[in-house]
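Undergrad: just a sequence and a predicted model for now, questions to come.
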Amino acid sequence: MNYYNFYDIVTRWCDAKGGDFTLLSDLRGGWESWAQTDLSMFIKKMAFQPRGFSREAVSGTVTANLLQNNNKTMLSPGFAKLNQKADLIFDSGTPEILLVELKCESTGNRWKFNPGLRNDVEKLKGCGVMGRRIAVGICVSQEYVQEATRDGFQILWQKSGATCLVYPFPYGNESTSTNGFKQSTLPPLLPINIFGNQNPWPANFQYVTPMFGSPQGPINPFN
């Protein structure tokens, strides 16, 4: 699961459910658990299933790295204890994993939103994982968007009075930028084939990731 794949999934989910984010943010008691669950259901219903996806789970790779890491000062407070859970995990049993932390702004915790984002970044920062890590935040207050971008978050999606922010950690030479990422519910198009026509990609497309982890787009069967 590379960053481009994840951006695509989250953008499509936000397009489908984002119209409710502002209403949900006004509910006392928070809606973060709903967001995690609904996004998980969205992923579970995808035609192409990412390998090793789970919610509120401990990554076997994370646990192994913690056990082997004797320098505890390298671990952030969030992952300093074994069995620390991430909100979402894509763990195929190799170092090519993705850990996700998600925060949502709501009436009862508006003032905690940005500190919560910073805590998620610290939690992911030193967890001893070789794979990808990303903090995600969904908010409806513009001042919190501005504060988050000053902290290094990028805007992935912004519609209907709500904003989805992401803080991806560097991974090899893979681009983490959301600039130019098209917010569209339409499936991507294949490159022009030998007949000179563009071909709509089927619903079960998957992306190719080369040895360095940079997304190259869908496989073109005409190549």
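TA: Sure, I can see it.

Undergrad: quick check: next helix or strand after the top helix by length along the chain?
TA: Counting by DSSP state H, the longest helix found in the chain is helix 3-17. Downstream of helix 3-17, the next assigned helix or strand under DSSP states H and E is helix 21-25.

Undergrad: what comes up buried for that next one?
TA: Neighbour-count burial for helix 21-25, counted by 16 or more other CB atoms under 10 Å, picks out 21, 24-25. C-betas here are computed from N, CA, C, even on glycine.

Undergrad: the bottom helix or strand of the protein by mean pLDDT?
TA: Within the chain, confidence by mean pLDDT, DSSP states H and E is lowest for helix 60-68 among all helices and strands, at a mean of 53.

Undergrad: all helices of the protein, in order?
TA: Counting by DSSP H, residue ranges of the helices within the chain are 3-17, 21-25, 32-44, 60-68, 113-125, 142-150.

Undergrad: ok, of those, where does mean pLDDT dip lowest?
TA: Looking over the helices of the chain, mean pLDDT reaches its minimum on helix 60-68, with a mean of 53.

Undergrad: low pLDDT regions in the protein?
TA: 57-84, 93-96, 126-130, 180-223 (pLDDT under 70).

Undergrad: right, and residue 162 touches residue 18 too?
TA: Yes - counting by CB atoms under 8 Å, residue 18 is a contact partner of residue 162 at 5.6 Å.

Undergrad: who's more crowded, the two?
TA: Between residue 162 and residue 18, residue 162 has the larger neighbour count (other CB atoms under 10 Å), namely 24 against 19.

Undergrad: who's in contact with the residue nearest to residue 161 when sequence neighbours are not counted?
TA: Distances taken as CB to CB, 6 or more residues apart in numbering put residue 22 closest to residue 161, at 4.7 Å, once the chain neighbours are dropped. If a contact means CB atoms under 8 Å, 6 or more residues apart in numbering, then residue 22 has 140, 160-162 as its contacts.

Undergrad: determine which two of the residues you listed are furthest apart.
TA: Greatest spatial distance among those (CB to CB): 140 and 160, at 9.2 Å.

Undergrad: neighbour count: the two, which is higher?
TA: A direct count of neighbours by other CB under 10 Å for residue 140 and residue 160 places residue 140 higher, at 21 against 15.

Undergrad: so who does that one touch?
TA: For residue 140, the contacting residues are 21-22, 25, 105, 161-163, by CB under 8 Å, 6+ apart.

Undergrad: one more time with 7 Å, if that's ok
TA: By CB atoms under 7 Å, 6 or more residues apart in numbering, the contact list for residue 140 reads 21-22, 25, 105, 161-162.

Undergrad: do residue 28 as well
TA: With CB under 7 Å, 6+ apart, residue 28 has these contacts: 107-108.

Undergrad: could you check how far it is from residue 92?
TA: 39 Å (CB to CB, to the nearest Å).

Undergrad: same deal with residue 159?
TA: Separation of residue 159 from residue 92 (CB to CB): 32 Å.

Undergrad: residue 87 touches residue 99, doesn't it?
TA: No - judged on CB atoms under 7 Å, residue 87 makes no contact with residue 99 at a distance of 8.5 Å.

Undergrad: of those two, who's got more company?
TA: Just comparing residue 87 and residue 99: by other CB under 10 Å the higher neighbour count belongs to residue 99, 25 against 21.

Undergrad: partners of the more buried one in the sheet?
TA: residue 89, residue 133 (DSSP bridges).

Undergrad: can you check residue 166 too?
TA: For residue 166, the beta-bridge partners are residue 136, residue 154 (DSSP bridges).
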